[in-house]
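S.K.: Got a sequence here, can you build the structure:
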Amino acid sequence: MPIVHIELIEGRSQEQLKNLAKDVTEAVTKDVGAPAQDVHVILSEMAKDRYSVGGVLKSDDK
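M.R.: Model (predicted):
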């Protein structure tokens, strides 16, 4: 049972998230050989003020 956990900054559409889950499932199925029904994809979205790069919050990023 492969589990794929993807963390993203919020802001993507439901359609984008749906496509991402589908594409990741297909890649795991192809490359690992696991049946699609056994592939778990967890999409975790975080607020821009809860993530920083180089000490700068993404909410402050210009």
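
S.K.: can you give me the strands in the protein?
M.R.: All strands of the chain, identified by DSSP state E, fall at 3-9, 40-46, 52-53, 56-57.

S.K.: Which among those strands is found nearest to residue 31?
M.R.: The stretch from these with the least distance to residue 31 (CB to CB) is strand 3-9; that distance is 11.5 Å. Heads up, the C-betas are built off the backbone N, CA and C, glycines and all.

S.K.: ok, and what's touching that closest one?
M.R.: Under the contact criterion CB atoms under 8 Å, 6 or more residues apart in numbering, strand 3-9 has outside partners 20, 24, 28, 39-48, 51, 58.

S.K.: filter the residues you listed to the buried ones?
M.R.: For these, a burial check counting by 16 or more other CB atoms under 10 Å picks out 24, 28, 39, 41, 58.

S.K.: Now do stretch 52-62: distance to the chain's middle.
M.R.: Centroid separation for stretch 52-62 versus its chain: 20 Å, with CA atoms, centre = their mean, to the nearest Å.

S.K.: start to end distance for that stretch?
M.R.: Using CA to CA, to the nearest Å, one end of stretch 52-62 lies 13 Å from the other.

S.K.: Next, the buried residues of it.
M.R.: residue 58.

S.K.: Average pLDDT for it, rounded please.
M.R.: What stretch 52-62 shows for mean pLDDT is 91.

S.K.: what comes into contact with that stretch?
M.R.: 9, 47-51.

S.K.: Columns distance to residue 16 on top of those, output as CSV?
M.R.: Listed next are the contacts of stretch 52-62 as CSV, based on distance: CB to CB, whole Å:
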residue, distance to residue 16
9, 12
47, 17
48, 16
49, 21
50, 20
51, 18
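
S.K.: Check those and tell me the two furthest apart.
M.R.: Longest span within these, CB to CB: 9 and 49, 10.1 Å.
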